[in-house]
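K.L.:
need a structure here:
(one chain, ligands or ions: 2)
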Amino acid sequence: MTAFQKKYKAYTLRNFRTIPQLSGSLSPAEEHAIDVVGHVLPFKVNNYVIEELIDWSNIPEDPIFQLTFPQPGMLSGAHFEEMEQALAQGLSKAELKIVANKIRYQLNPHPSGQAHNVPMLDGQKLTGLQHKYRETVLFFPSNSQTCHAYCTFCFRWPQFVGIDELKFAMRETELLVEYLRRHPQVSDVLFTGGDPMIMSAKNFSAYVEPLLKGNLPNLQSIRIGTKSLSYWPYKFTTDKDADDMLRLFERVVQKGYHLAFMAHFNHPRELETPAVQEAVRRIRNTGAQIRTQSPIMRHINDSVDAWKRMWRMQTRMGIVPYYMFVARDTGAQDYFAISLERAHQIFRKAYQQQGGLGRTVRGPVMSANPGKVQVLGTADIQGERVFSLRFIQGRNPDWVGRPFFARYHPEAVWLDDLEPAFGKAQFFFQEKASGVFQN
Ligand SMILES: *Cc1c(COP(=O)(O)O)cnc(C)c1O
Ligand code: SF4
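P.N.:
Ligands and ions are numbered 1, 2, ... in the order given. Just a heads-up that it's a prediction; the model follows:
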């Protein structure tokens with residue numbers, strides 16, 4: 001093995017106490033909290049994150065530690081005590097699960113109406129697809145229902161703890177191809193999960209090849225939503241089938257498609273290691289384009305400096321900043337949320353310090369039930385302080401790009417906290433006749 005090579009090793013609730021770096025870094029109470037919170041929210045970390053990303057001299061504040069290790073504040077006091085008592089009583093696994101699920105259902109496990117976007121084909125529910133926006137179909141391969149590590153802010157967490165078991169999974173790529181054939185308005189397919197880059201090159205190619213052979217004139221782009229560059233860059237450097245995966249990317253590009261690698265980076269630290277830099281270089285050499293997205297979150301990246309540096313480093317590496325999201329209304333949202341006003345201030349100051357090439361990024365964006373809503377800022381109009389907003393994506397394509405206004409609210413953290421400005425009863429998209437796109 002070269003110094004660069006690494007064998008993947010995962011840690012979960014079962015074995016996290018054997019992580020060498022933990023001893024001496026955490027108090028017994030902090031270790032206990034990982035156990036309690038980890039019984040409700042999913043927990044998994046790996047040796048790359050532990051050895052190369054986390055700064056163990058800065059625990060528990062280190063942003064990557066916060067990103068991957070459950071923290072006491074991620075559950076409310078009442079929920080924490082409920083699980084703590086269940087563990088102290090020595091309940092069976094099945095009994096613990098009942099307690100955990102009761103808490104989980106109170107954490108809004110299905111935000112933004114995701115369960116309602118499942119399309120049909122000949123009377124059959126395509127549970128592995130989501131089609132919410134006219135041009136783009138999300139595809140959830142059954143083989144990508146996990147990740148190389150779990151983010152503590154994850155909005156897909158119900159899939160990992162088993163209350164949505166393989167809910168979106170669909171094995172049959174043939175159905176996807178047929179769906180694309182019958183919906184010529186769809187130009188983009190977005191592979192998601194979990195993380196599709198958990199798959200071997202062989203498994204992934206079984207999903208991609210039918211698309212390439214499908215003779216689909218409407219198909220323009222194949223996107224891969226993934227956190228593998230942050231959590232396991234060796235996937236593209238020294239893993240056994242790294243070269244096979246890269247050759248598959250090359251094939252997609254040579255077939256004339258835009259292959260977009262939608263990389264999740266939450267903090268500049270994740271861009272700094274030799275392994276990630278080599279992985280980025282190799283992926284870009286295939287002709288694939290790397291774009292990035294991340295939510296803005298307290299404890300992880302709620303500073304101008306983090307975003308300024310992250311976007312600048314990305315632009316220098318030839319990566320395109322794409323979205324800054326607002327932390328979603330699910331799971332440990334209370335722990336991570338910052339006000340929309342503060343999110344916008346951070347966005348604006350970091351954006352101002354980018355060259356033009358970095359100003360491709362859009363944010364802060366709420367991926368909410370009616371669509372992706374961007375906070376453009378605050379303004380004073382006719383004596384009223386308001387938020388100015390617009391849709392970047394909408395259930396109704398006609399909503400996109402229309403400015404609208406909400407009454408200013410200094411503590412609002414999500415679309416649901418906002419009310420229409422100027423004394424209106426509803427936002428324009430809530431009116432009965434506003435319509436949604438029908439798939
Ligand atoms: C974000 C998102 C997409 C992709 O939107 P783009 O604006 O094209 O990047 C597609 N489907 C869903 C459900 C999404 O949330
Ligand atoms: S990589 Fe994405 S899907 Fe996986 S745990 Fe993180 S946020 Fe969730």
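
K.L.:
Which residue, other than its chain neighbours, is closest to residue 5?
P.N.:
Among residues not flanking residue 5 along the chain, residue 238 sits closest, at 4.3 Å (C-beta to C-beta, 6 or more residues apart in numbering). C-betas here are computed from N, CA, C, even on glycine.

K.L.:
I'd assumed residue 6 was in contact with that neighbour.
P.N.:
Yes: when contacts are counted by C-beta atoms under 8 Å, residue 238 is listed as touching residue 6 (7.2 Å).

K.L.:
okay, now the closest residue to residue 385 other than its chain neighbours: neighbour count?
P.N.:
The shortest distance from residue 385 to any non-neighbouring residue, by C-beta to C-beta, 6+ apart, is to residue 408 (3.8 Å). Using other C-beta atoms under 10 Å, residue 408 is surrounded by 18 other residues.

K.L.:
How about residue 416?
P.N.:
10.

K.L.:
before we move on, what about the one 3 residues further on?
P.N.:
Per other C-beta under 10 Å, the neighbour tally for residue 419 reads 14.

K.L.:
Averaged pLDDT, stretch 356-373. What do you get?
P.N.:
Computed over stretch 356-373, the mean pLDDT rounds to 97.

K.L.:
buried residues in that stretch?
P.N.:
358, 360-373 (16 or more other C-beta atoms under 10 Å).

K.L.:
ok, which pair from these is furthest apart?
P.N.:
Spanning the widest gap among the buried residues of stretch 356-373 are 358 and 369, at 30.2 Å by C-beta to C-beta.

K.L.:
got the residues of this protein near ligand 2?
P.N.:
The chain has residues 147, 150-151, 154, 156, 194-195, 227, 264 near ligand 2, with proximity defined as C-beta under 6 Å from any ligand atom.

K.L.:
you'd agree residue 304 is up against residue 343?
P.N.:
No: if you go by C-beta under 8 Å, residue 304 and residue 343 don't touch, sitting 11.4 Å apart.

K.L.:
quick one, which of the two is more surrounded?
P.N.:
residue 343 (25 against 16).

K.L.:
is it true that that one touches residue 378?
P.N.:
No: the criterion here is C-beta under 8 Å, and residue 343 misses it with residue 378 at 11.8 Å.

K.L.:
on that earlier part again, looking at the buried residues of stretch 356-373, which one is closest to ligand 1?
P.N.:
residue 367 (4.9 Å; C-beta to the nearest ligand atom).

K.L.:
if I look at the closest one, how far off is residue 434?
P.N.:
Taking C-beta to C-beta, to the nearest Å as the measure, residue 367 falls 19 Å from residue 434.
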